[in-house]
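Undergrad: Structure for this input, please:
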Amino acid sequence: MNFELIQSYCLSKNGVEETFPFDEYTVVWKVAGKMFCLGDIREFHQIALKCDPQEALELREKHEQITGAFHMNKTHWNNIELEGFSREFIFELIDKSYHLVAQKLPKKIKEQIQYP
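TA: So this is what the prediction gives:
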């Protein structure tokens, strides 16, 4: 799974922007200004995704390629090594992260970005 595929998928979602708030290498995809996915564009082999705390633990127990995200709140963020996972599984995790963040947005912002 490569950067362009993840980038395209993230940017296809309503209200998403691509930013580099930390440095020129760490890409962050945000919905209405709130982070839901990030990765290092120099060596794009993993991404960090927001996750429900209980599901985060379950995913870590089930998959050795999923760990608590470095430099993030490990209760809410998982690091996913992309190697070995199907495109569908990665996209499902991205969807969950996006929805987890978007559903907490104020109603007015949800309407602006046309979030269901």
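Undergrad: Let's check: the centremost residue of the protein is which one?
TA: By CA atoms, centre = their mean, the chain has its centre lying nearest to residue 37, at 2.6 Å.
Undergrad: Going along the chain, name the helices of the protein.
TA: Assignment of helices within the chain using DSSP state H yields the ranges 3-11, 53-62, 87-102, 107-113.
Undergrad: Buried residues of the last one, list them for me.
TA: This points to helix 107-113. By 16 or more other CB atoms under 10 Å, the buried positions in helix 107-113 come out as residue 110. All C-beta spots, glycine's among them, are computed from the backbone N, C-alpha and C.
Undergrad: With only the CA atoms kept, save that helix in PDB.
TA: What follows is helix 107-113 as a C-alpha-only set of coordinates in PDB (Å, rounded to 0.1, in the frame of the first residue of the first chain):
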ATOM      1  CA  LYS A 107     -23.900  20.000  13.900                       C
ATOM      2  CA  LYS A 108     -23.200  23.200  11.900                       C
ATOM      3  CA  ILE A 109     -19.800  22.000  10.800                       C
ATOM      4  CA  LYS A 110     -21.200  18.500   9.900                       C
ATOM      5  CA  GLU A 111     -23.700  20.300   7.700                       C
ATOM      6  CA  GLN A 112     -21.000  22.400   6.100                       C
ATOM      7  CA  ILE A 113     -18.900  19.400   5.200                       C
END
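Undergrad: For it, what does the pLDDT average out to?
TA: Averaging pLDDT along helix 107-113 gives 95.
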